[in-house]
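Enquirer: Kindly return the folded structure for what I paste below:
(2 chains)
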Amino acid sequence: MDWRVERLTQGLLTVFLVITLSFVIIRFMPGNPMDYILAQMSGDATGATSGEGGASGSDMEQQYELVQAYLSMNPSDPLHVAYFDYMSNTLRGDLGQSIYYSRPVSDILGRAMPWTLFVLSWGLAIGFVLGIITGSLIAYWEGSKLDVGLTAYSVIMGSIPYYVLALLLIVYMAYRWQIFPTNGRVPEGVTAGLNWPFIKGIIYHASLPIASTVVFSGIASLSMRGNAIRVLGEDYLRVARLRGLSDGVIATQYVARNAILPLYTGLMISIGSLFGGSVILETIFRYRGMGYYLVQAANARDYPLMMGGFMLLTICVVIALFITDLTYGLIDPRAGDENREAF
Amino acid sequence: MTEKPTDRRADDKESSDDVEEVFGEPTAADGGTPIDGGTAAPFRTTSDVSESRTDRYRRIFRNYVVTPFSIVRNDKRALIGITILTIYSLAGLAAIFFVEPTESFEGQPYVQPFETWEFPFGTNQMGHDLFSQTVHSVVPIFQMMIAGALFTVIVGTTIGVVSGYKGGLADRVLSTLTDVFINLPGLPLVIVLAVLFNPENEVMVGILLSVAAWAGLARSIRSQVLTLREESFVEAARAMDIPTSLILYKEVLPHLMPYVMVNTANAARGVIFSAVGLYFLGILPFTSNNWGVMLNQAYEVDAYFRPIAFHWLIIPVVAITVLSIGLILLAQSLDRVFNPRVRARHADRADIDPEEEEGDATMTMGQV
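Expert: Residues are numbered from 1 along each chain as shown, chains lettered A, B, ... in the order given. From the prediction side, this is the model:
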């Protein structure tokens, strides 16, 4: 089987498992969302009997229907029916209704998603390139003053939790010096569309979140240093030198290529945590992306929005990883070779 | 009689090292006597080398105590890292015995830091002693950190090594499991689980926070094992019919140790970062007072633009950052302790017998 097909299957399997996990959580976990909403509904109903009329107060069927609107699953259905309903509804994009915002979850998250992707992709790209460059420089001059200086720099950059840097950025850049906006994603009073003031405003609002994302991926340079030093000691490098190849060819074709490979795997891994980290960053900057809504939902115990945010973030990660996987084959020719001997 | 098998195993190990050296040696590749060098070496050494028990203990002492100590002593990064971690541990221990847990209105609200000896870090809105809060946070934070890091590293390394080395069905199953967990975004999953479980025990928080963190380590270890398993010394060990578990433990794992060690420290850092982050967001239940809780409380009263309360926000931030610097420096120094190439450079500082030193010298010359 083609490894691309295999990767795709794995991605789909993950999505399937996450939806199943979400179903299990909603249906079975202690303090599960279903009971919570049911309790809330009956609490509301008994509390507001005068407004709703006599019959609805104890009408379980009606409550179940309400729950179904929120969670896209009817608690009175048998397990397999409920599961099938939930799966098909979720796959069709019906993630239920947010309790806190009283709007469809898919509507809220669909509007938020592009903003998250925009900030993360730029932050990741800038951070990765910076990391590779500093990492290779450090490795090439290992032990020199530059090594000490740049290592100290990347240690400090990597040591500051990304949200702490975000906090410091927002304290100084936004509140104290008022260079950048304190929250939001679009400029006020500018017509939306493809005009320069609007685009400039978007970049302006996104610059602080992107800057903190860059620090998040800054740690990559440290592993680049280790990898490059390891490659520098390999035998084939000695042979390459004996063959009289120029430093430039050795640096790009031999060292960089082999040292980037593990880093690229690292990148794939950090994509997941990067999407996770966006949760905290967006809350600090009050940048209304998927992560922002996830935290809002978690604090308000708004289960439909919370599970929807979790599922959508997962799907984004799956797609991002699939893209990196496809490109990995371009860098590492061995990637497709899965016919290894088992022992 | 009972010692016979272990002896033989040790010899096997040495002879497999010999194979590696012979292939690595330029003279052998130059084609002097390839057949002789290739076949005679592994079997010749078994009869030549004999190692008494004293020799063996001396070798173990040299490898595990003298050389690491020499590397650490000569490495500023290691010194700083270990000093930082020691200070934190001592502060945490001291807090249990000597520092009273703070109470509300112990002092005036918003005493600034470094003004009175009674409240070195100042006080917050409610007159809590921030110094006491800071040092009392160390123990719960360390508990989370250690639990999370151990969980991540043990699960990640085991799954990565086994799946990379075994191949076949085992690899397929374990890789799929790893991939599924890699695809899960860590923090959102933890948020969902934290909302559901409300973990109150520090060890539980640590494990919960690393529930998806092991997968990344497992995958990168697997990809390294994929290269290692094709190496000549692993092939030699396999040809000698050494059991798989022993090959993994003796031949494969040592080559991964620097990576695993660096990742232990990084995993610890990750646990602290996400723990403090989630306490800061107010998602984990506030059972113990820690830096994340302090950060959350300070943020809630808008300490970020009130100069009078600003120290309340800065103190936990400094505490986390310094600890994290300590962990990164420790990771780097561990990398040096375990990395054979760095060891080789430090070999002349430790007392090493001439034969081994010679071997190391050629290696060092070769790589420069």
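Enquirer: Name the single longest helix found in the chain.
Expert: Since no chain was named, I'll use chain A. Longest helix in chain A by number of residues, with DSSP state H as the criterion: helix A:105-140.
Enquirer: my bad, the chain I had in mind was chain B
Expert: Under DSSP H, chain B gives helix B:130-166 as its longest helix.
Enquirer: what about the longest helix of chain A and chain B, any contact?
Expert: No: in terms of C-beta under 8 Å from any C-beta of the partner chain, no part of helix A:105-140 sits within range of chain B; the closest distance is 11.0 Å. Backbone N, C-alpha and C define where each C-beta goes, glycine included.
Enquirer: who does that helix touch, helix- and strand-wise?
Expert: Judged by 3 or more C-beta pairs under 8 Å, 6 or more residues apart in numbering or on different chains; DSSP states H and E, the packing partners of helix A:105-140 are helix A:145-159, helix A:196-216, helix A:220-232, helix A:257-285, helix A:290-299, helix A:303-331.
Enquirer: Just want the angle from the second one to helix A:257-285.
Expert: Meaning helix A:196-216. Calculated by axes from the mean of the first three to the mean of the last three C-alpha atoms, to 10 degrees, helix A:196-216 forms an angle of 120 degrees with helix A:257-285.
Enquirer: how about helix A:196-216: buried residues?
Expert: Neighbour counts over helix A:196-216 (16 or more other C-beta atoms under 10 Å in any protein chain shown) mark A:201-202, A:205-216 as buried.
Enquirer: next one: the last one
Expert: When burial is assessed from 16+ other C-beta under 10 Å, helix A:303-331 yields the following buried residues: A:303-318, A:320-322, A:325, A:328.
Enquirer: hmm, back to that, save the buried residues of helix A:196-216 as CSV, and put in pLDDT and distance to B:Phe121 too.
Expert: As requested, those are exported to CSV (pLDDT from 0 to 100; distance: C-beta to C-beta, whole Å):
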residue, pLDDT, distance to B:Phe121
A:Gly201, 75, 41
A:Ile202, 76, 41
A:His205, 77, 35
A:Ala206, 78, 36
A:Ser207, 78, 33
A:Leu208, 79, 28
A:Pro209, 82, 31
A:Ile210, 82, 33
A:Ala211, 81, 29
A:Ser212, 78, 26
A:Thr213, 77, 31
A:Val214, 76, 31
A:Val215, 70, 26
A:Phe216, 63, 28
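Enquirer: What lies in contact with the host helix or strand of B:Ile82?
Expert: Per DSSP states H and E, B:Ile82 falls inside helix B:76-98. Here helix B:76-98 makes contact (C-beta atoms under 8 Å, 6 or more residues apart in numbering or on different chains) with A:151, B:71-73, B:132, B:135-136, B:138-139, B:142, B:322-323, B:325-333, B:336-337.
Enquirer: Work out the gap between that helix and the centre of the chain.
Expert: 17 Å (C-alpha atoms, centre = their mean, to the nearest Å).
Enquirer: and the gap between B:His255 and chain A?
Expert: Computed as C-beta to the nearest C-beta, to the nearest Å, the B:His255 to chain A distance reads 10 Å.
Enquirer: And for that residue, the neighbour number?
Expert: 18 (other C-beta atoms under 10 Å in any protein chain shown).
Enquirer: I'd guessed it sits against B:Arg229; true?
Expert: No: counting by C-beta atoms under 8 Å, B:His255 stays clear of B:Arg229, with 10.7 Å between them.
Enquirer: what's the pLDDT at the residue nearest to the spatial centre of chain B?
Expert: With distances taken as C-alpha atoms, centre = their mean, the residue of chain B nearest its centroid is B:Thr264 (2.6 Å). Per-residue confidence (pLDDT) for B:Thr264: 86.
Enquirer: That one: which element?
Expert: helix B:253-281.
Enquirer: Tell me which residues of that helix come out buried.
Expert: B:253, B:255-281.
Enquirer: Next, the angle helix A:257-285 makes with that helix.
Expert: 10 degrees.
Enquirer: which element follows helix B:253-281 toward the C-terminus?
Expert: For helix B:253-281, the succeeding helix or strand toward the C-terminus, using DSSP H and E, is helix B:291-300.
Enquirer: pLDDT on whichever helix or strand comes after that following helix, on average?
Expert: Beyond helix B:291-300 on the C-terminal side, the first helix or strand identified by DSSP H and E is helix B:310-338. Averaging pLDDT along helix B:310-338 yields 81.
Enquirer: ok, now stretch B:64-71?
Expert: 74.
Enquirer: tell me how far that stretch is from the chain's mean position?
Expert: The mean C-alpha position of stretch B:64-71 is separated from the chain mean by 17 Å, C-alpha atoms, centre = their mean.
Enquirer: do stretch A:249-256 as well
Expert: For stretch A:249-256, the distance to the chain centre is 32 Å (C-alpha atoms, centre = their mean).
Enquirer: same question, stretch A:146-158
Expert: 27 Å.
Enquirer: next one: phi and psi at the closest residue to A:Ser207 other than its chain neighbours?
Expert: Distance criterion C-beta to C-beta, 6 or more residues apart in numbering or on different chains; nearest residue to A:Ser207, sequence neighbours excluded, is A:Phe180 at 6.1 Å. Phi and psi for A:Phe180, reported as degrees, to the nearest 10, are phi -120, psi 160.
Enquirer: Can you name the residues of the stretch 51-200 of chain B sitting close to chain A?
Expert: B:77, B:165-171, B:176, B:179-180, B:182-192, B:194-198.
Enquirer: Could you check how many residues crowd around residue 124?
Expert: Looking at chain A here, since you left the chain open. A:Leu124 is flanked by 22 other residues according to other C-beta under 10 Å.
Enquirer: switch to chain B, that's the one I care about
Expert: When neighbours are counted by other C-beta under 10 Å, B:Asn124 registers 25.
Enquirer: With B:Leu150 instead?
Expert: B:Leu150 has 17 nearby residues by other C-beta under 10 Å.
Enquirer: chain center to the helix holding B:Thr264: distance?
Expert: 7 Å.
Enquirer: that older thread, which residues sit in contact with the residue nearest to A:Ser207?
Expert: A:169, A:173-174, A:204-205, A:207-208 are the contacts of A:Phe180 under C-beta under 8 Å, 6+ apart.
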